[in-house]
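S.K.: Let's see this in three dimensions:
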Amino acid sequence: MRSVASLFVLLCFTAMSAGGRAGGEGLSGDRVPTDTGALVIHPVSHAAFVVQWNGKTIYVDPVGGVQPFADLPRPDLVLVTHGHADHFDLATLDALVPAGGQTPIVAPKAVAEKIPETLRAKATVKVLANGERAEVAGIAVEAVPAYNTAAGREKFHPRGRDNGYVLTLGGKRVYVAGDTQDTPEMRALTGIDIAFLPINQPYTMSVQEAADAIRQFRPKIVYPYHYRNSDGTKADLEELRRLVGEQSGVEIRARDWYPQR
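M.R.: Model (predicted):
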């Protein structure tokens with residue numbers, strides 16, 4: 001006889017399968033026009049979110065088990081920025097990647113080395129180092145550096161280990177920063193249409209750092225995410241909007257990345 005826990009997991013997988021068959025119909029979130037249809041942005045929690053474009057579903061740093069993703073379509077592509085537990089969880093990945101396929105997982109080397117053969121049997125792991133580019137699942141992906149710059153904080157995210165990503169989706173350039181401070185490489189980015197930027201202390205950027213970076217590389221739309229500080233408080237996103245300024249031409253989209261469950 002199956003245990004209650006086993007039945008619960010079975011029900012979750014059934015729900016996920018239904019979502020996958022739906023092909024992403026009804027995925028909630030902001031819709032950004034592109035040259036090839038709308039790009040849908042669906043926050044999940046903290047650093048995890050889902051993007052859907054041109055019939056493809058992209059998971060970014062999925063963690064937290066099956067439940068937060070139960071009503072969403074299965075991923076066609078998974079991006080992992082680095083190996084910290086709030087960005088990389090093997091149990092969640094194993095549950096979300098469907099059997100019988102070869103779902104691509106893009107990750108830095110330090111993460112790829114932790115992916116076991118059981119998961120590799122149903123996924124294709126693509127390692128990208130800082131500065132490398134590849135086309136994965138028909139999507140152009142560029143890995144960009146993500147690291148701490150402040151003295152004494154390099155240990156959190158050392159230079160060269162972790163990735164941010166720039167995706168090209170229907171002519172739109174989408175920047176997923178991962179965990180990083182305001183780096184020269186971030187400031188040098190050009191033509192960014194949508195940027196996901198982390199704002200929390202002490203691990204990533206302060207509100208002031210993020211505002212300075214935004215005014216420098218001028219993405220058209222910014223989604224602040226990963227904005228809960230280590231003490232449980234949240235970054236002041238209204239202050240971010242004020243510092244960036246209305247005349248910057250940058251739209252700050254503050255969305256709820258910490259839903260009550």
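S.K.: who's in contact with the residue nearest the centre of the chain?
M.R.: Central residue of the chain (C-alpha atoms, centre = their mean): Val60, 3.2 Å from the mean position. By C-beta atoms under 8 Å, 6 or more residues apart in numbering, the contact list for Val60 reads Ala47, Ala48, Phe49, Val50, Val51, Val78, Leu79, Thr81, Val176, Phe196. For every residue, glycine as well, the C-beta is placed using N, CA and C.
S.K.: So which of those are in strands?
M.R.: Among these, the ones falling in strands (DSSP state E) are Ala48, Phe49, Val50, Val51, Val78, Leu79, Val176, Phe196.
S.K.: which of the residues in stretch 203-213 are buried?
M.R.: Tyr203, Thr204, Met205, Ser206, Val207, Glu209, Ala210, Ala211, Ala213 (16 or more other C-beta atoms under 10 Å).
S.K.: Could you pull up phi and psi at the last one?
M.R.: Dihedral pair for Ala213: phi -60, psi -40, per degrees, to the nearest 10.
S.K.: I'd guessed it sits against Pro198; true?
M.R.: No. The criterion here is C-beta atoms under 8 Å, and Ala213 misses it with Pro198 at 11.0 Å.
S.K.: before we move on, back to that, pick the one among the contacts of Val60 closest to Pro68.
M.R.: Closest approach between these and Pro68, by C-beta to C-beta: Ala48, at 7.2 Å.
S.K.: Return the distance of that closest one relative to Val78.
M.R.: Note on Ala48: its distance to Val78, by C-beta to C-beta, to the nearest Å, is 11 Å.
S.K.: Name the residues contacting each of these two.
M.R.: Common neighbours of Ala48 and Val78, using C-beta under 8 Å, 6+ apart, are Tyr59, Val60, Pro62.
S.K.: Format these as a markdown table; extra columns: distance to Gly37 and secondary structure.
M.R.: Below are the shared contacts of Ala48 and Val78 laid out as a markdown table (distance: C-beta to C-beta, whole Å; DSSP: H, G, I helix; E, B strand; the rest coil):
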| residue | distance to Gly37 | secondary structure |
| --- | --- | --- |
| Tyr59 | 19 | strand |
| Val60 | 19 | strand |
| Pro62 | 23 | coil |
